[in-house]
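K.L.:
the following comprises the amino acid sequence and a computationally predicted model.
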Amino acid sequence: MQLGTRWSVGGAAPAELSAPVLGAVAQVEREIADQGVDATTWRWTLTWLERRPVVELDDGTVIRVDAVTGEAHVHEPVDAEGDDD
């Protein structure tokens, strides 16, 4: 794994990210804004795993690129509230 960089929600994402990843980041940021969430202190973290970007938001949202299709997939954080087993 190679560490990339960090940037603030609403800030400029690293230029080396592909269009699908940039689109996924923008989609997540729109959803956050639409929900009225105060994400002014949240940051994205970019790392590289097997030469593919992995982008994680402070709330646990992760964006990964499919190795075959090149599509970016958003993985929402898992809510563990119901796991009182």
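P.N.:
Cool, the structure landed.
K.L.:
Ser8 - how many residues pack around it?
P.N.:
The number of residues packed near Ser8 is 12, by other Cβ atoms under 10 Å. All C-beta atoms are positioned from the backbone trio N, CA, C, and that covers glycine.
K.L.:
and the residue lying closest to it once chain neighbours are set aside, what does it touch?
P.N.:
Leaving aside its sequence neighbours, Ser8 sits nearest to Arg43 (Cβ to Cβ, 6 or more residues apart in numbering; 5.4 Å). Counting by Cβ atoms under 8 Å, 6 or more residues apart in numbering, Arg43 touches 6-9, 57-58.
K.L.:
could you redo the last one with a cut-off of 7 Å?
P.N.:
Counting by Cβ atoms under 7 Å, 6 or more residues apart in numbering, Arg43 makes contact with 6-9, 58.
K.L.:
so which of these wins on neighbours?
P.N.:
Busiest of the contacts of Arg43 [other Cβ under 10 Å] is Val9, holding 19 neighbours.
K.L.:
helix, strand, or coil at Glu29?
P.N.:
Secondary structure for Glu29, judged by DSSP: H, G, I helix; E, B strand; the rest coil, is helix.
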